[in-house]
Structure formats: C-alpha cells, structure tokens
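**Student:** Return a 3D structure for these sequence lines:
(chains A, B, C and D)
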Protein chains: 2
Amino acid sequence: MTDDQLSRVFAALADPTRRDMVARLTDGDATVGDLAAPYAVSIQAVSKHLKVLEEAGLVTRSRDAQRRPVHLEAEVFDLMTKWIERYRQRAEERFVRLDAVLAEMNDEQPETETPMEGTAS
Amino acid sequence: MTDDQLSRVFAALADPTRRDMVARLTDGDATVGDLAAPYAVSIQAVSKHLKVLEEAGLVTRSRDAQRRPVHLEAEVFDLMTKWIERYRQRAEERFVRLDAVLAEMNDEQPETETPMEGTAS
DNA sequence: GTCTCAATCAACCGAATGGTTGAGAAAAGA
DNA sequence: TCTTTTCTCAACCATTCGGTTGATTGAGAC
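**Tutor:** Here you go, the predicted structure:
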C-alpha cells in the first residue's frame, strides 16, 4: 500500500492521535515519553505512531543519552499544500467557467443535458 | 478509526487511485464507468473508492437515468488547508525564532577575520 | 560489574482496507 | 414484456493497522 511519499503523509495524518502529536510538536521537540503522556495507550503504541510519522518524513529523531528527541519537519507540509492547492484551483477555475456558461445559457433554452466529460489523465 | 471528517478526508486521499480520481474530477463531473476506465480494477472496486470519497465529503453523486454522475466538492479542501497551514505556521514561527537566535550569534562574527568568541562549535 | 530509565523489537489479536466474484436493483430501449 | 446498461450490494479473501504484552537494547547511575 501507499508507496509514494504523498500517500504516506496523508495516511500518517489520517489518525487523530498522530495529528495531535504533530500539533504538539509545533511547540518544540519532545521525547517519546513526553509525547505519550496525554494518551491512554502504551508507550509502544506511541512508538509505532512515531515510526509512521518518521517514514512519512514528518518527523526526525536524534539521540540524547537514553532519550530520542522527536523533531517536526515542516517542509513536508508543502508537499500536501502543493497537491491540494493545485486541484482546488483547477476545481475553482472550472466553477468560475461553469458560472459564466450558465449565465450565458440563461439567454438560450434551458432544456439541454448537462455535459459529462471524463477520462483525461 | 477515522471518526471525524478531517481523518476521513486524509484517509481518503492516502490512496493514489482516489487521489487520481479527484484530480480527474477537476476536469468536470464523470460517471463511475468513465472514472473506472483507466484503472486495472473492477468497477465494483471503483464504486467502493467513490463511497470512501463521498463519506469524506470530497464528492457528491446525483442521478441521471442509469448513470450516477460524480461531482467534486472543493470546499472540503479548505478543511485540510486550514489544518496544515495552522501547524505549518506555528512550526515556521518557531523556526524563525531559532533563526533569529542563530543570526544574533552570527552577528558577533562579521565577514572580517573571526575574532574567536568563546562559542563552542 | 548491577540497576534503572527510555525506547524499540517481536509476536499476537481484532478490526478495517482494498481487492475479487456473483447477484440484484433501477432506468431506458427493443 | 424482455434486454441492456449502469451501478450497488453481499460475501469472501489477503493484507494492513492500531492496539496489547513480554523481552531486549542502549546509555547513564550506583
């Protein structure tokens, strides 16, 4: 499943616990124990969540004695933002065009069928 | 899992096939058959994908004879963009603050010969 | 050395996911 | 009516996911 990075990032953020971790990491780096504290799950479960976030490129981990501080990598957000904005813009452009078409159609007959395009990859 | 809408949206877009469907829907509405054409999976599988996208609020489906045209709902993108931008900004603010601290440290070492302040490397 | 702390690895479990095939529903056309 | 087209529903299957407990590693502290 989910071979490319974009898939991994979206999948990582599909979990509320992992989203909350990312949110809290914007306050600064934290250890696994710190991150695990608020949640009602084992520290092993949190460690697994962090592995998912790490493989998505959302966090990195270094070493400080026994601790493994977790650091948020914000650049990956751009990957998502780019994808989202690209298609949101396209959708909005089409909406604007459709709007113009509809306004134009008001002068003509309102009986024609709605066009159904597709397969343009 | 995936109780709230944000989770459902992220989860829906974690699949490359579903992302491609969304991308193609920015060209305009399409039928299930149209959408299924490029993929090497059954039409039932595509129907399932569409159900996921629909439950995430990313698409809506109407009816036109036997066909069920699929329409992209771009507003849901805002939900993601808001979340992403919020935490990206927080992360970047923190980065900028760190940047300022580093810049301040560098001020003590202008482009002239390094005056050997006591700063450890 | 031994002990403790912080975190991961390993095995397991139940539920969800993405795919399949087969049957059926809904609407138009013959 | 019967047929065709379009799509969904219902089982079923293999894999993944999020969680658990138990064992183990890594790095101080004693």
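**Student:** count of residues packed around A:Ser47?
**Tutor:** Residues near A:Ser47, counting by other C-beta atoms under 10 Å in any protein chain shown, number 13. Where you see a C-beta, it was placed from the backbone N, CA and C, and this is true even at glycine.
**Student:** dump the residue contacts of it.
**Tutor:** With contact taken as C-beta atoms under 8 Å, 6 or more residues apart in numbering or on different chains, A:Ser47 is in contact with A:Val32.
**Student:** quick one: terminal-to-terminal distance for stretch A:37-49?
**Tutor:** This stretch, stretch A:37-49, spans 14 Å end to end (C-alpha to C-alpha, to the nearest Å).
**Student:** what about it and DNA strand C, touching?
**Tutor:** Yes - on the criterion C-beta under 7 Å from any atom of the strand, stretch A:37-49 is in touch with DNA strand C at A:43-44, A:47.
**Student:** and those residues as CSV, adding distance to DNA strand D?
**Tutor:** Compiled in CSV, the residues of stretch A:37-49 next to DNA strand C are given as follows (distance: C-beta to the nearest atom of the strand, whole Å):
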residue, distance to DNA strand D
A:Ile43, 8
A:Gln44, 4
A:Ser47, 8
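**Student:** who in chain A is up against DNA strand C?
**Tutor:** Residues of chain A lying close to DNA strand C (C-beta under 7 Å from any atom of the strand) are A:1, A:31-34, A:43-44, A:47, A:50-51, A:61, A:66-69.
**Student:** out of those, who has the most neighbours?
**Tutor:** Result: A:Leu50 is most packed of these (other C-beta under 10 Å), 20 neighbours.
**Student:** and the closest residue to A:Ala36 other than its chain neighbours, what helix or strand is that in?
**Tutor:** Leaving aside its chain neighbours, A:Ala36 sits nearest to A:Val46 (4.0 Å; criterion: C-beta to C-beta, 6 or more residues apart in numbering or on different chains). Under the criterion of DSSP states H and E, A:Val46 resides in helix A:43-55.
**Student:** Pull the most distant pair out of the residues of chain A next to DNA strand C.
**Tutor:** Distance extremes for the residues of chain A next to DNA strand C: the farthest pair is A:Met1 and A:Gln66 at 33.5 Å, using C-beta to C-beta.
**Student:** Export stretch A:58-68 to PDB, keeping only CA atoms.
**Tutor:** Provided in PDB are the C-alpha atoms of stretch A:58-68 (Å, rounded to 0.1, in the frame of the first residue of the first chain):
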ATOM      1  CA  LEU A  58       7.100  14.400   9.000                       C
ATOM      2  CA  VAL A  59       9.500  13.900  11.900                       C
ATOM      3  CA  THR A  60      13.100  13.000  12.500                       C
ATOM      4  CA  ARG A  61      14.700  11.500  15.600                       C
ATOM      5  CA  SER A  62      18.100  12.100  17.100                       C
ATOM      6  CA  ARG A  63      19.700  10.800  20.200                       C
ATOM      7  CA  ASP A  64      20.300  12.400  23.600                       C
ATOM      8  CA  ALA A  65      21.500   9.800  26.200                       C
ATOM      9  CA  GLN A  66      18.700   7.300  26.600                       C
ATOM     10  CA  ARG A  67      16.200   9.800  25.100                       C
ATOM     11  CA  ARG A  68      15.300  10.000  21.400                       C
END
